[in-house]
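**Q** Can you look at this prediction? I've put the sequence above it.
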Amino acid sequence: MAQSRAREHLSTRTYVVPFSSPLAGAPTSRQRERSAYEQFQRHIDVASTNPYAPFTSRIDWEVARWAKMRGPGSTAVSELLKIEGLVSLLGLSYTNSRELNEIVDTHLASGRPRFRRREVIVGGQVFEMFHRDILQCIKALYGDPEFADLLVFTPERHYADGDHTARVYFDLHTGKWWWETQKELEKRKPGATVIPIIISSDKTQLTVFGSKTAYPVYMTIGNLPKDVRRKPSRRGQILLAYLPSSRLEHISNKASRRRSLANLFHACMGLVLAPLREAGIHGMDLVSGDGVTRRGHPIFAMYIGDYPEQLLVTCCKTGTCPKCAIPREEVGESTIQNRPLRNLEEVLDALDRVDEGMATFTRACRDAGIKPVVAPFWKDLPYVNIFQSITPDILHQLYQGVIKHLLSWLKAAYSPEELDARCRRLPPNHQVRLFLKGITTLQKVTGKEHGDICRFLLGLVIGLPLPGGQSPVRLIRAVRALLDFLYLAQYPAHTADTLDMLRDALRRFHSNKEIFVQLGIRTHFKLPKLHSLDHYVESIKLFGTTDNYDTQYTERLHIDFAKDAYRATNHKDEFPQMTVWLERREKISRHEAYVNWRVRRRVPTTTAWTRIKIAKWPSIKALSFDDAAERYGAIYLRDALARFIVQHRDPTLSAAEVEQESLNVTYHFRKVQAFHKLKFTLEDAQALGIMDDVQDVAHARPARKDKQGRHVPGRFDTVLVNDGTGSQSGVSGMCYHVAQLRLIFTLPKSACEDLFPDVLVPGHLAYVERFTAFTSPDPVHGLYKVSRRRDAAGARLASVVEVRSIRRSCHLLPVSGAVVPRDWSSSAVLDQCDTYWVNPFTDLHMYMSFF
């Protein structure tokens, strides 16, 4: 099975093949320099007695940090500090916001360059932009002491096997682009360190009402690991510029306006990125956070943006592909995943004809398939193929693109009433958002909401008949194929096997998509976002996995660098105020890191498949057996606990012997302590140490009344239980089973001493009701079916297990006929339905582990 083989390849640390030249990424012979923190300490605190300097004390620093990072505003902070005696009581070195700003501006260093205002003239009109020196930004990121141990200086090839046959791709340095670029640089100037420059941009709305916008441009370097680059709190991204956001509405001709906007964008970006031309070829001295100097060559690597931004950057026309020259009428009709990129040489030749007159230039650009932009910013940058630099975009191409289309097609294919009815009858789960009002009437659905819907979408359509008696098989396969592509595309590491699975998912969709035409829902599939999926595999091979360049990470930066900055201004001539506000926050963030370096704070790390956390104090201190049966549904707790005790004492006993011995177990206690929640930390499903932890929760809580006296139904989640032989992933055999969590409890200490005299005392226990074992997945949609396990009398089979054997929560999709019973409800469906499909789409960790 392809998924099992892929899992095997990703279950061990990789075999690394370093770049062939020992000079690549090597330090220069210059003497080690002091780090930025050491230089700042020598400047601000010569005696090395005050780690908070220039602030006089920890409280002085903490109040300043709160005022600039979390405070309500300058005026409010000044009014707070005016309270009589407050400044002296706290020992503050400032009495108002103005004095605090003076300390920040004068004594703190952000390590990052200041913004410069610049006027750009396009078409005889002057535009204002604010930008930073990109070379200084590179030095700031590269030389940040926080990143000293994280920087990557040379490309590497990673393999899953010692024979070097199964290539592994994850971070940027494992892709082919860096390796090939390093080879070209070594031919010209041996000893180079490639600095991959990653640019992203997107115009954003600053106000809820009105038309105030900003056009931020962000920059980072590929030497930083992807988990640093995609987290704003790690400060791995720099706001590089605010471009002019004018819509040029004074130009009445739409074609002229679009042409002028494109020329304005490229003129501004050309000014910002111009220093990369010389530095990329000849290199520049760069000092990393540990004081070591290398000759760095900043090379433009990737441009991250949505489809309109990609067209703007590449000068391509709407409806075409910004990467390849596929004819517009063939876009989205089929999948050919090895299409050649646009001919860069032909495009550059067309751009060089700008001096031959506008008519000749326009004709040459039209023949090359681009817009007549006078000077694209990437034209003279070294080692750049802009059509290669355009990367996949999970947010806009999948969630807000293909998935959005798919939802509209399903609404047209099925009854919206039945879709919403099924949606309202899904059981709760920590990873699944319940849309209790349905999904067919949602307006302005965000990418996150589309992602939430994908977690249960397949379960909504399984078993629903199509109009006219048509078979739903191809529609179900098309939905499953797109969901597979969506989840596979987000893998944090890929091998040749997983990339084959990605290709296969896209092929399966194209093989089955004709059903939407036969239903009269579509007449064609000329969707550029659908066609863009053809380029995912090659982009992953070039630049690593999609979490290296997804716009959902860069769009998060709008909150910090645009929206919050705008709210801090008086909304008049806002951009100078925004840049000053951002510079001060950067200085505070840098000083916070410096203080932490001085006091040597470290965060411990641990490794395990699953870490389980339970509250220190029980939710119910004393729960009787009768109350457990009545309130929690733990009807057979006495018998199940007796069997557990016998088996725990002697694991070698057969089932019949356990049953016989359990009759002799007597209890000298009447009550247990009950807990209502289990928290799981699910670690790297690929065991490579690069996947973020997933937080999961399972509830076992009885019905109750809230503070307003309203009835809150009970919640007893379903979980995956490891019988002791289960591996980190896969459900083959009898190692894992689904169970409903009914009660989490501990035995009294005295009872443990009595019941387990010669063996290790078990920890927290769980009373669970079991479901049938996994067999084979459904041949159409690939889900596993499970049912309640019952005895001959129809009673549910239950057992007691140790909490540590519970792997994680799992979500079940109720199996119903063409019409879901209307008496079912979300809170009670696990008791009302008897057969379910196990949902693998609740989160990426579940999808990667459950097969």
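**A** Yep, that arrived. All of these numbers come straight from a predicted model, not from anything done at the bench. Numbers count the residues shown, from 1 in each chain.
**Q** For the stretch 551-700 of the chain, which segments count as strands?
**A** In order along the chain, the stretch 551-700 of the chain carries the following strands (DSSP state E, counting those that start in this stretch): 610-613, 620-624, 671-675, 677-682, 694-701.
**Q** and of those, who's closest to Cys137?
**A** Counting by CB to CB, Cys137 lies closest to strand 694-701 out of those; the figure is 33.2 Å. All C-beta spots, glycine's among them, are computed from the backbone N, C-alpha and C.
**Q** Kindly provide the whole-number mean pLDDT of that closest one.
**A** Per-residue pLDDT over strand 694-701 has a mean of 95.
**Q** Which secondary structure elements does the helix or strand that it is followed by sit against?
**A** Along the chain past strand 694-701, the next helix or strand (assigned with DSSP states H and E) turns out to be strand 704-705. In this structure, strand 704-705 packs against strand 711-712, with contacts taken as 3 or more CB pairs under 8 Å, 6 or more residues apart in numbering; DSSP states H and E.
**Q** Quick one, which of the strands of the stretch 551-700 of the chain gets closest to Thr75.
**A** Nearest of the strands of the stretch 551-700 of the chain (CB to CB): strand 694-701, 38.5 Å.
**Q** who does the closest one touch, helix- and strand-wise?
**A** Judged by 3+ CB pairs under 8 Å, 6+ apart, the packing partners of strand 694-701 are strand 677-682, strand 715-716, strand 736-746, strand 806-814.
**Q** do you know which of the strands of the stretch 551-700 of the chain lies nearest Met69?
**A** Going by CB to CB, the one of the strands of the stretch 551-700 of the chain nearest Met69 is strand 694-701, 24.9 Å.
**Q** For the closest one, give me every contacting residue.
**A** The contact list for strand 694-701, computed with CB atoms under 8 Å, 6 or more residues apart in numbering, reads 428, 430-431, 619, 632, 675-682, 714-717, 719, 741-744, 766, 806, 808-809, 843-845.
**Q** Can you say which of these are buried?
**A** With burial judged by 16 or more other CB atoms under 10 Å, the buried subset of those is 428, 430-431, 632, 675-678, 680-682, 714-717, 719, 741-744, 766, 806, 808-809, 843-845.
**Q** Let me have the helices and strands packed on strand 694-701 in CSV, extended by mean pLDDT and distance to Tyr37.
**A** Output for the helices and strands packed on strand 694-701, formatted as CSV (pLDDT from 0 to 100; distance: least, CB to CB, whole Å):
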stretch, mean pLDDT, distance to Tyr37
strand 677-682, 93, 32
strand 715-716, 97, 49
strand 736-746, 95, 47
strand 806-814, 96, 41
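**Q** nearest to Gln518, of those?
**A** Going through the helices and strands packed on strand 694-701 one by one, with CB to CB as the measure, strand 806-814 comes closest at 26.4 Å.
**Q** report the angle between the axes of that closest one and strand 677-682?
**A** Regarding strand 806-814 and strand 677-682, their directions subtend 100 degrees when assessed with axes from the mean of the first three to the mean of the last three CA atoms, to 10 degrees.
**Q** Strand partners (parallel or antiparallel) of strand 806-814?
**A** Listed by DSSP bridges, the sheet partners of strand 806-814 and their directions read strand 718-722 (antiparallel), strand 835-839 (antiparallel).
**Q** which helices and strands sit right next to the next helix or strand after that strand?
**A** Sequence-wise, the next helix or strand beyond strand 806-814 is helix 829-832, with elements assigned using DSSP H and E. Packing partners of helix 829-832 (3+ CB pairs under 8 Å, 6+ apart): none among the helices and strands.
**Q** Give me the buried stretch members for helix 829-832, please.
**A** Neighbour counts over helix 829-832 (16+ other CB under 10 Å) mark 829-831 as buried.
**Q** Including distance to Gly162, could these go into a markdown table?
**A** What follows is the buried residues of helix 829-832, written out as a markdown table (distance: CB to CB, whole Å):
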| residue | distance to Gly162 |
| --- | --- |
| Val829 | 50 |
| Leu830 | 47 |
| Asp831 | 52 |
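**Q** Gly794: which of those residues is nearest?
**A** Asp831 (13.9 Å).
**Q** For that closest one, give me its contacts.
**A** Contacts for Asp831 were tallied using CB under 8 Å, 6+ apart; there are none.
**Q** sorry, back to before: any chance of a markdown table for the helices and strands packed on strand 694-701, columns distance to Ile476?
**A** Putting those into a markdown table (distance: least, CB to CB, whole Å) gives the following:
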| stretch | distance to Ile476 |
| --- | --- |
| strand 677-682 | 29 |
| strand 715-716 | 30 |
| strand 736-746 | 22 |
| strand 806-814 | 13 |
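**Q** Can you say which of these is nearest to Leu641?
**A** Among those, strand 736-746 comes nearest to Leu641, with 9.1 Å by CB to CB.
**Q** What score does Gly447 have for pLDDT?
**A** Per-residue confidence at Gly447 stands at 94 (pLDDT).
**Q** If you could redo that for Thr607, that was the one I meant.
**A** Among the per-residue scores, Thr607 shows a pLDDT of 43.
**Q** now do Glu8
**A** Per-residue confidence (pLDDT) for Glu8: 50.
**Q** so which of the strands of the stretch 551-700 of the chain gets nearest Ala262?
**A** strand 694-701 (42.1 Å).
**Q** Dump the closest one to PDB, keeping only the CA atoms.
**A** Taking Å, rounded to 0.1, in the frame of the first residue of the first chain, the C-alpha atoms of strand 694-701 are listed here in PDB:
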ATOM      1  CA  VAL A 694      -1.400  19.000  17.500                       C
ATOM      2  CA  GLN A 695      -3.500  19.700  20.500                       C
ATOM      3  CA  ASP A 696      -6.400  17.400  21.100                       C
ATOM      4  CA  VAL A 697      -9.100  16.900  23.700                       C
ATOM      5  CA  ALA A 698     -11.600  14.100  24.600                       C
ATOM      6  CA  HIS A 699     -14.500  14.800  27.000                       C
ATOM      7  CA  ALA A 700     -16.500  12.500  29.300                       C
ATOM      8  CA  ARG A 701     -18.900  14.900  30.900                       C
END
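**Q** low-scoring stretches of the stretch 401-550 of the chain, by residue?
**A** Along the stretch 401-550 of the chain, segments meeting pLDDT under 70 are nowhere present.
**Q** Same check on the stretch 51-200 of the chain?
**A** Flagging of the stretch 51-200 of the chain using pLDDT under 70 yields an empty set of residue ranges.
**Q** all strands of it, in order?
**A** Using DSSP E, counting those that start in this stretch, the strands found in the stretch 51-200 of the chain span residues 116-122, 125-131, 156-159, 167-169, 193-201.
**Q** Out of those, which is the most enclosed?
**A** strand 193-201 (a mean of 26; mean count of other CB atoms under 10 Å).
**Q** Parallel or antiparallel, list what pairs with that strand.
**A** The pairing partners recorded for strand 193-201 under DSSP bridges are strand 213-221 (antiparallel), strand 293-304 (parallel).
**Q** Which stretch among the ones you listed is buried most, on average?
**A** When you average the neighbours per residue for each of the strands paired with strand 193-201 (mean count of other CB under 10 Å), strand 293-304 leads with a mean of 24.
**Q** ok, back up a step: out of the strands paired with strand 806-814, which gets nearest to Val445?
**A** Within the strands paired with strand 806-814, the stretch nearest Val445 is strand 835-839; the backing value is 20.7 Å (CB to CB).
**Q** Distance from the chain centre to the next helix or strand after that closest one, please.
**A** On the C-terminal side of strand 835-839, the closest following helix or strand by DSSP H and E is helix 844-849. Centroid displacement of helix 844-849 relative to its chain, using CA atoms, centre = their mean, to the nearest Å, is 14 Å.
**Q** So which residues of the stretch 401-550 of the chain form helices?
**A** With helices called from DSSP state H, counting those that start in this stretch, the stretch 401-550 of the chain shows them at 403-413, 416-423, 447-454, 457-461, 473-488, 496-512, 514-518, 528-532, 536-543.
**Q** Quick one: list the elements packing against the first one.
**A** Okay, so that is helix 403-413. Under the contact definition 3+ CB pairs under 8 Å, 6+ apart, helix 403-413 sits against helix 447-454, helix 457-461, helix 473-488.
**Q** which stretch among the helices and strands packed on strand 694-701 comes nearest Val786?
**A** Using CB to CB as the criterion, the shortest distance between Val786 and the helices and strands packed on strand 694-701 is 5.1 Å, found for strand 736-746.
**Q** Thank you, goodbye.
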